[in-house]
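Undergrad: Task: produce atomic coordinates for the following.
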Amino acid sequence: MSKNGRPKVLLVKHWIDIHDRGLRLIASRCRDAGFEVVYASYSQPEEVVKMAVQEDVDVIGMSFFTSAYEAHLPRVMEGLKKNKLGHVMVVLGGVIPDEDYDMLKKQGVRAIFGAGSDVNQFIELVKTEVPQQKK
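TA: Numbering: from 1, shown residues only. Model prediction:
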């Protein structure tokens, strides 16, 4: 939670993924909901972890248009654990096949929002769960 008591969300996308329309929409809607938003594009896993540490975020939302999550997610999750940030909620979005959901959730992903998902579901998830992380 940011110093002002608002949830702090880091939104990132894979380093070669040029599709960012959905992530920009989510950033805008998160700000409208009162969240503090850090938006970074073209991030490598180590950069995601570094930003999460520096910004003291509550949530990391990663967007993928490719299957790069198979390589990136384990490195992000490992980096969060090494930096004692296992409490940070990790959420994925983008083009992710349904058959990969279980595998991703076993790695620690809290939720997956595919193309066309309702942004309000993400907003409600953050509003509901972030205050619980701090207890």
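
Undergrad: Okay, strands next: where are they in the chain?
TA: Counting by DSSP state E, one finds strands in the chain at the ranges 8-14, 36-43, 59-64, 89-94, 111-114.

Undergrad: Now mean neighbour count, distance to residue 81 and mean pLDDT too, for these, in TSV please.
TA: C-betas here are computed from N, CA, C, even on glycine. As requested, these are arranged in TSV below (neighbours: other C-beta atoms under 10 Å; distance: least, C-beta to C-beta, whole Å; pLDDT from 0 to 100):
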stretch	mean neighbour count	distance to residue 81	mean pLDDT
strand 8-14	25	17	90
strand 36-43	17	18	86
strand 59-64	24	13	93
strand 89-94	22	11	94
strand 111-114	18	19	93
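
Undergrad: Including distance to residue 124, could these go into CSV?
TA: Below are the strands of the chain laid out as CSV (distance: least, C-beta to C-beta, whole Å):
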stretch, distance to residue 124
strand 8-14, 13
strand 36-43, 16
strand 59-64, 13
strand 89-94, 12
strand 111-114, 11
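
Undergrad: Check what pLDDT residue 54 gets.
TA: Here, the pLDDT recorded for residue 54 equals 95.

Undergrad: Let me fix that, I meant to ask about residue 84.
TA: 96.

Undergrad: Just the CA trace of stretch 110-130, in PDB.
TA: Output in PDB follows, covering the C-alpha atoms of stretch 110-130 (Å, rounded to 0.1, in the frame of the first residue of the first chain):
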ATOM      1  CA  ARG A 110      -3.400 -15.000  -8.300                       C
ATOM      2  CA  ALA A 111      -5.600 -14.400 -11.400                       C
ATOM      3  CA  ILE A 112      -5.500 -14.400 -15.200                       C
ATOM      4  CA  PHE A 113      -7.500 -12.000 -17.300                       C
ATOM      5  CA  GLY A 114      -7.600 -12.900 -20.900                       C
ATOM      6  CA  ALA A 115      -8.400 -10.700 -23.900                       C
ATOM      7  CA  GLY A 116     -11.800  -9.100 -23.400                       C
ATOM      8  CA  SER A 117     -11.900  -9.500 -19.700                       C
ATOM      9  CA  ASP A 118     -13.900  -7.000 -17.600                       C
ATOM     10  CA  VAL A 119     -11.400  -4.500 -16.100                       C
ATOM     11  CA  ASN A 120     -13.800  -4.100 -13.100                       C
ATOM     12  CA  GLN A 121     -13.000  -7.700 -12.000                       C
ATOM     13  CA  PHE A 122      -9.300  -6.700 -11.700                       C
ATOM     14  CA  ILE A 123     -10.200  -3.500  -9.800                       C
ATOM     15  CA  GLU A 124     -12.400  -5.400  -7.400                       C
ATOM     16  CA  LEU A 125      -9.700  -8.100  -6.900                       C
ATOM     17  CA  VAL A 126      -7.200  -5.400  -5.900                       C
ATOM     18  CA  LYS A 127      -9.700  -3.600  -3.600                       C
ATOM     19  CA  THR A 128     -10.600  -6.800  -1.900                       C
ATOM     20  CA  GLU A 129      -7.300  -8.400  -1.500                       C
ATOM     21  CA  VAL A 130      -4.600  -5.700  -1.100                       C
END
